[in-house]
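>>> give me a 3D structure for the following:
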Amino acid sequence: MDYLCVGHVCMDMTESGFVLGGSASYCSLYAKALGYRSGVITSYGEEYEFVDLLNSLDNKQVLEAKRSTIFENIYEGQHRKQILHSIAENIYLDEFISKKDVSILHLCPLADELVIGPNFSSDSFVCMTIQGWLRDRNKKREVIYKEMDFEVLKHADVVVLSKEDIPDLEIKLELLKSLSKILIVTNGSVGASCYFEGKEIFSAAYPAKMIDPTGAGDIFATGFCLKYQETKDVESSMIAAHCLASLCVEREGVENIPNTMEWSKRVREYSSI
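Next up, the predicted model:
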């Protein structure tokens, strides 16, 4: 595999039915559409509606579950309330994963389902998008914030999170920087800050025409990893990540994923914005 995602795929509940959700879905399908051999390790139940999409991947490992992970987003003005109706099986990683088998390993939990065991290690390029490790749910099944074991970040080559993921991010920032080789904090349409080798590098987002923001942060991480594997250059990889994320938000769902030519064209355009 060039790109392997580990985490729950899910179904997002809307008024018109279910739509595809989950970092593992978006990132693996984007990598595939961009010409990389991609796969997923995930878990879902019999009611999961998007099996055919996942079957297009080069590799798919599914842990059978009694139910699938199902999210519902309820908007009350500017406030979004998330309901986590059900969760599939936990995924345990407790072995060595070789770069000979997986070039980029993207650990992308959705609902605290990914358990890193004491025997886990990898010489692959490991990306962590940690939002899912920061989620719990109350008795009403409403998603609430929870602390995670930040020590797992030592396994990562790059850690990507949103400024909104951790309420007291300013307090925890030094800890996160000390544990991460490369730490990227995204801030929506403003841009992203990268902390690397004692430096802070900020890059502005590409000014996109927003249609659907779903998955933008995850696709940013995918764009960064694919470019960084090629160049080993943080700044150009940040630009490539912004450009791929901008193409994501200008489209709805995964029905019209951009191709490599569209991505390259937008990267060339970035210098003129």
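>>> now the helices for this structure?
Along the chain, the segments classed as helices by DSSP state H run 23-33, 51-55, 169-179, 216-231, 234-249, 260-270.
>>> where in the stretch 1-150 of the chain is pLDDT low?
77-78 (pLDDT under 70).
>>> ok, the spatially most central residue of the chain to Ser271 distance?
Central residue check for the chain by CA atoms, centre = their mean: the C-alpha nearest the mean position is that of Asp218, 3.2 Å away. In this structure, Asp218 and Ser271 are separated by 25 Å, where distance is defined by CB to CB, to the nearest Å. (C-beta placed from N, C-alpha, C; glycine too.)
>>> please apply the same query to Lys199.
Noted for Lys199: a distance of 21 Å to Ser271, by CB to CB.
>>> next: Glu72.
Glu72 sits 41 Å away from Ser271, taking CB to CB as the criterion.
>>> out of the two, which sits in the busier spot?
When Glu72 and Ser271 are compared for neighbours, Glu72 comes out ahead with 16 against 7, by other CB atoms under 10 Å.
>>> that one contacts Arg80, correct?
No - counting by CB atoms under 8 Å, Arg80 is not a contact partner of Glu72; they are 10.6 Å apart.
>>> so who does the nearest residue to Lys177 once chain neighbours are set aside touch?
If the residues on either side of it in the chain are set aside, Lys177 comes closest to Tyr195, at 4.8 Å by CB to CB, 6 or more residues apart in numbering. Contacts for Tyr195 (CB atoms under 8 Å, 6 or more residues apart in numbering) come out as Lys177, Ser180, Ile182, Leu183, Ile184, Val185, Ile201.
>>> now for the second one, how many residues are close by?
So that's Ser180. For Ser180, the count of nearby residues is 21 (other CB under 10 Å).
>>> check the fifth one too.
Summarising burial for Ile184: neighbours were counted as other CB under 10 Å, giving 27.
>>> next one: the first one
Under the neighbour criterion other CB under 10 Å, Lys177 is assigned a count of 16.
>>> just the pLDDT at it, thanks.
For Lys177, the model assigns a pLDDT of 97.
>>> could you check how far it is from Cys194?
Applying CB to CB, the value for Lys177 to Cys194 is 11 Å.
>>> okay, and the common contacts of the two?
Leu183.
>>> contact partners for Asp18?
Not Asp; residue 18 is Phe. If you count contacts by CB under 8 Å, 6+ apart, Phe18 has them with Met11, Asp12, Glu49, Ile70.
>>> same question for Leu20.
Val9, Met11, Asp12, Tyr26, Phe50, Leu53, Gly253, Val254.
>>> just Leu105 next, same as before
Contact criterion CB under 8 Å, 6+ apart gives Leu4, Val6, Ile97, Ser122, Ser124, Phe125, Val126, Cys127 as the residues in contact with Leu105.
>>> write the PyMOL selection for whichever of those residues are buried.
Typed into PyMOL, the line below selects the buried ones among the contacts of Leu105, using 16 or more other CB atoms under 10 Å:
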select buried, resi 4+6+97+122+124+125+126+127
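>>> among the contacts of Leu105, which lie within strands?
The subset of those located in strands under the criterion DSSP state E comprises Leu4, Val6, Ile97, Ser122, Phe125, Val126, Cys127.
>>> contacts only, for the second one.
This means Val6. The neighbours of Val6, taking CB under 8 Å, 6+ apart as the test, are Ala24, Val40, Ile41, Thr42, Ile91, Leu93, Leu105, His106, Leu107, Cys108, Leu114.
>>> same question, the third one
With contact set as CB under 8 Å, 6+ apart, Ile97 has these partners: Leu105, Phe120, Ser121, Ser122, Ser124.
>>> now with 7 Å?
Leu105, Ser122, Ser124 (CB atoms under 7 Å, 6 or more residues apart in numbering).
>>> one more: the fourth one?
Ser122 makes contact with Phe96, Ile97, Leu105, according to CB under 7 Å, 6+ apart.
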